[in-house]
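Q: For reference, the sequence and a predicted model appear below.
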Amino acid sequence: MRRPAPVLVTAAALLLGGCSLLPGGEPDPEPVGTASAVASEAASDPALAAFYGQDLEWADCGGGFECTRLTVPVDYADPYGATASLAVVRLRTGATGQDRLGSLVLNPGGPGASGVEYARAAENVLTEDVRAHFDVVGFDPRGVGGSDPLQCLDDDEVDEFLAADPTPDEPAEVQRLLELTAQLGRGCAASGELAAHVDTRTAAKDLDVLRAALGDEKLTYLGKSYGTYLGALYAEQFPQRVGRFVLDGAIDPSLSRGEVNAGQAAGFEVALRSYVQDCLDGDDCPLSGGVDAALGRVRALLARLDEQPLPTSSGRELTQGLAYYALAYPLYAPSLWPRLTQALTEAFDGDGTAMLALADAYASRRDGGGYANNSTTVIHAVNCLDRADEETVPEVRASVPEFEAASPTFGAFLAWGGLSCSEWPIPAVGEPVPVDAAGAAPILVVGTTRDPATPYAWAQGLAAQLDSGRLLTLDGDGHTAYRTGSACVDEAVDAYLLAGRLPEEGARC
């Protein structure tokens, strides 16, 4: 979620098989999310009526998709001021009448991942049954991708930022970490007025404008990872507009920055142990001994990289900072574990090329140089606005032993992430608070027991906070659950999206 933790990735179908689901509950008495002409009546402020009532002009943009632009105010407190333009894409369903259930809006996570690109992968993201009944809609949140993006650093500066030492051992290294964070903050602030308004609560207001412009009385929504936080803040602000909500790979809105970093450190450690055990059980594993001994060798590699980066075929070096990203990336999906095994094998032999490729894939860095999007920088602009709980250097340094006790591999890496907003030039506008969304329709929260990036405890926390929350558990590995290989989870989510039928309390896959 936050530096130096990696950007949360979009999920894809891994086709790993499934299990059976406990019997479901009763369906909703009537469909939700059915499209109708709602126009500006949904606007709480008459000054916002023009935004809520805008007519979207759709144009073919290839692959069966239509594209448009949604106009929103930069600052909802000043609706007559500057505006921002959001990129929106739609895949229309062929269903009509009662078979058409309206629009299903997606957000894949980040903050900073592209909802447009995620929707374009609808064939993997959603089952055929869901696509048959909903228009699939994706959008790039304000500041992201194709939606008037923040331009915070140039490509060379991003390279330097990601390769920097994330576990400083001496004052000069701490100072360099602070300088790079300050440089990023100045760059984002220089993007203009929008940089102060890319917080998640404001993005949730955009989501309601999109709902109205699509013609839906209620919002039907699938949010993954950070997308669960966006969905939770939407439900808190617009509970009467909540249709069928699936929040998969949940973030607990009540957690402080330090608690989030600590939770991710523990989550990645659990996921790494799971990978190491799988590696040891297979063939061609470069690790040996028990899990603890094997993890010791991985940590020794990271320690050596802190002193001496590895060469690669590209001429760039594999630094410790980049190696952490390379190690974390495959933990999001077991299908990537063989790539990590090969990369570690080569790294132990003195070649960092394969690990660098994993780090680059994580950061959306192109083979020839440059970045495909601004996800690695805008994530900080959003996070630093969302939580007003910056940590100081002494506080972070004091927290390192506790982090390392919970996560010997990732602890220091994520403890020092507490400085990610310490030099941010724009004041935060949010704070960690529980979300209950009182009055909202039932909300399905999905959690995976060994999720590295959004630990299972966070899904439990969000489901408990929401007045209408219902938790579905996947006992498994990887980040998020729906359409990642469990037929059990897919059947449960589909039953809810298509018929409003929730899984029973305590349902597990």
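A: Sure thing, it's come through. Numbering: from 1, shown residues only.
Q: what's across from residue 68 in the sheet?
A: residue 88 (DSSP bridges).
Q: Help me confirm that it comes into contact with residue 59.
A: Yes. Between residue 68 and residue 59 there is a contact under C-beta atoms under 8 Å: 7.0 Å. Quick note: C-beta positions are derived from backbone N, CA and C, even for glycine.
Q: Against which helices or strands is the biggest helix by length in the chain packed?
A: Among all segments of the chain classified by DSSP state H, the helix with the greatest residue count is helix 257-281. Packing partners of helix 257-281 (3 or more C-beta pairs under 8 Å, 6 or more residues apart in numbering; DSSP states H and E): helix 291-307, helix 337-348, helix 393-406, helix 411-415, strand 443-450, strand 469-477.
Q: now, of these, which is deepest in the fold?
A: helix 411-415 (a mean of 28; mean count of other C-beta atoms under 10 Å).
Q: can you give me the helices in the stretch 351-500 of the chain?
A: Secondary structure of the stretch 351-500 of the chain by DSSP state H, counting those that start in this stretch: the helices cover 353-362, 375-386, 393-406, 411-415, 456-465, 487-499.
Q: so is the spatially most central residue of the chain in a helix, a strand, or just coil?
A: Centroid check for the chain by C-alpha atoms, centre = their mean gives residue 109 as the closest residue, at 2.5 Å. Secondary structure, DSSP: H, G, I helix; E, B strand; the rest coil: residue 109 is coil.
Q: Name the nearest residue to residue 428, sequence neighbours excluded.
A: Closest residue to residue 428 apart from its sequence neighbours, by C-beta to C-beta, 6 or more residues apart in numbering: residue 388 at 3.6 Å.
Q: Please disregard the earlier target; I meant residue 82.
A: With C-beta to C-beta, 6+ apart as the criterion, residue 82 has its nearest non-adjacent residue at 4.3 Å, and that residue is residue 74.
Q: Quick check: that neighbour touching residue 199?
A: No. Here residue 74 does not reach residue 199: they are 11.9 Å apart, not a contact under C-beta under 8 Å.
Q: Just the buried residues of the longest helix of the chain, please?
A: Applying a neighbour-count criterion of 16 or more other C-beta atoms under 10 Å, one finds 257-258, 260-276, 279 buried in helix 257-281.
Q: Give me the mean pLDDT for it.
A: In this model, helix 257-281 has an average pLDDT of 96.
Q: likewise stretch 121-135?
A: In this model, stretch 121-135 has a mean pLDDT of 97.
Q: gap between the two ends of that stretch?
A: 14 Å (C-alpha to C-alpha, to the nearest Å).
Q: Would you mind pulling the contact partners of stretch 299-313?
A: 165, 167, 169, 317-320, 323-324, 327, 344, 347-348, 350-353, 355-356, 408-409 (C-beta atoms under 8 Å, 6 or more residues apart in numbering).
Q: Tell me the buried residues within these.
A: Looks like those have 165, 167, 318-320, 323-324, 327, 344, 347, 351-353, 355-356, 408-409 buried, using 16+ other C-beta under 10 Å.
Q: Residue 422 against residue 392, yeah?
A: Yes. Between residue 422 and residue 392 there is a contact under C-beta under 8 Å: 6.8 Å.
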